[in-house]
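1. from the sequence below, what's the structure:
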Amino acid sequence: MFHCSHSMSTYNILRMLLAFLFFSALSTVGALATGRPEVTASSPDQLIREVCSPQSRLMCNNYDHNVEAISVAADEGAKAASMRDGSIVTINDLQEDFFLESSLVEGRTLTVHNNLADPAPSRVFLSAAAATTLPSLSSYNALDVMRFFGVARDSNMATSIATAAYLCGSAALPGEARSCAASTDALAAFVAAQLGNNVKVYATKGAPTSTSTSNMKAPVTIMKVAKGSVEEGRKIVVCHHLAFPSALYYCHAVTGTKVVQATLKTEGRNQPAAYIKAMAVCHLNTALWLSRHPAFKALNIAQGEEACHFLVGNDMVFTRVVG
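-> Numbers count the residues shown, from 1 in each chain. Sure thing, here's the model as predicted:
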C-alpha cells in the first residue's frame, strides 16, 4: 500500500511529477462523464474470498486457515539483472516498516505504522466487463481515469488516482513481471500465469482499526516468529493494495525473497492490546533498489544487503503449492 510519509527524497520526486502532470493538463479537462461504475466498500477477507472463489482461476487451499511461512531463495536470473533506470519509482521504493530478519526475536520491540492497518479503504473490484472499459493506467491517462469514476480533480482521490496511474504505468524492474489488477479475473490471471493455479495466499490479519488519519509509528512486541524453510528456485507474487476508487492491486512476481510471519502485540495505550499476525517479505538482494531507498538509511545497511518490510492489512502474498 502506498502511504504519504515515505522518504522525502523519493516522495518529493513523485509529488513533483504528479503536480506537473496535473497542472499541465487541467485546461483540457471537460465535464465529468456520467454513467460511472458504482463502487462499494469491502473488507480484506471479502477480497481474498473473491480472488479465491470457485469461479476464479486460482485454487487457494489455505485462505481460511492459519498462515504458514515459506521462504524462497535467490533466483539466478534476478541476480543477473543488475541495471535499472534510476528515474523509475516502483512499489518497492514506497514501502515502509523496514527491519532486518535478525531483528525478529521473541520479546523484542519494533515500531510499525498504524499497527499495520491500511489507511486506504478496502473497496470491491470492478466487474470483468467494467474493468475492460477502464482507461489504461498510466500518467497520460490519469485525467481520463478521474472522469471514468467521476472524481473531482482537486480531491484527495484524484491524487490517489494519479499516484496509481504513475506506478502502474512505470516500467518494471529488470527480470520482474508486474501487472496492476482492477478485477478479480485480472489478478487471478496474473498470479496463475506466474505460479500456476494451485497457490496459497497470505495476508496480515488482526490489525486494529483506527479513526486517526495520522500515519504514526508505535511500538509492538514480537510474540512469535515463523520463518519457514529455504526452498531454492522459487518465486512469489506480492499484490500491494493501492488507494483507488475501486479495488486495485499492484502485483509483481518477486524472486530472491523470503516470506515470514510474526505475531505482534500492540501496546494498547488507548485501547486493549491486540495481536497482529503480520506478514512480511524479506528481499535477499537489494542491488536493484535505488541508492537513495529509505531502507538503507533506516537499517544502516549497504545497497544490495537483505532488507525486510511488513505488509499492511489489505496486501496479499501468493506462493506456489509444492507437490
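
2. show me where the stretch 101-250 of the chain has its helices.
-> 128-133, 142-149, 156-169, 184-195 (DSSP state H, counting those that start in this stretch).

3. which strands and helices sit next to the first one?
-> Helices and strands in packing contact with helix 128-133 are listed as helix 184-195; criterion 3 or more Cβ pairs under 8 Å, 6 or more residues apart in numbering; DSSP states H and E. Any C-beta I mention is one placed from the backbone N, CA and C, and that applies to glycine too.

4. now the helix it packs on: average pLDDT?
-> Averaging pLDDT along helix 184-195 yields 93.

5. check which residues of that helix are buried.
-> Residues 184-192, 194-195 are the ones in helix 184-195 that count as buried (16 or more other Cβ atoms under 10 Å).

6. what number of residues lie near the residue lying closest to S136 once chain neighbours are set aside?
-> Leaving out its chain neighbours, the residue that sits closest to S136 by Cβ to Cβ, 6 or more residues apart in numbering is G169, at 7.7 Å. Applying other Cβ atoms under 10 Å, we find 15 residues neighbouring G169.

7. which residues touch G169?
-> Shown in contact with G169 (Cβ atoms under 8 Å, 6 or more residues apart in numbering): 136-141.

8. what's the closest of the residues you listed to T266?
-> Nearest to T266 out of those is L137 (Cβ to Cβ; 34.9 Å).

9. for that closest one, give me its contacts.
-> Taking Cβ under 8 Å, 6+ apart, one finds 145, 164-165, 168-169, 180, 182 in contact with L137.

10. report the buried members of the residues you listed.
-> Buried subset of those (neighbour count, 16+ other Cβ under 10 Å): 145, 164-165, 168, 180, 182.

11. mind putting those residues in CSV, distance to S291 included?
-> Listed next are these as CSV, based on distance: Cβ to Cβ, whole Å:
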residue, distance to S291
V145, 32
A164, 25
A165, 26
C168, 24
C180, 26
A182, 33
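
12. tell me the one of these nearest M279?
-> C180 (20.7 Å).

13. circling back: of the contacts of G169 - the most surrounded one?
-> L137 (22 neighbours).

14. all good on my end, thank you.
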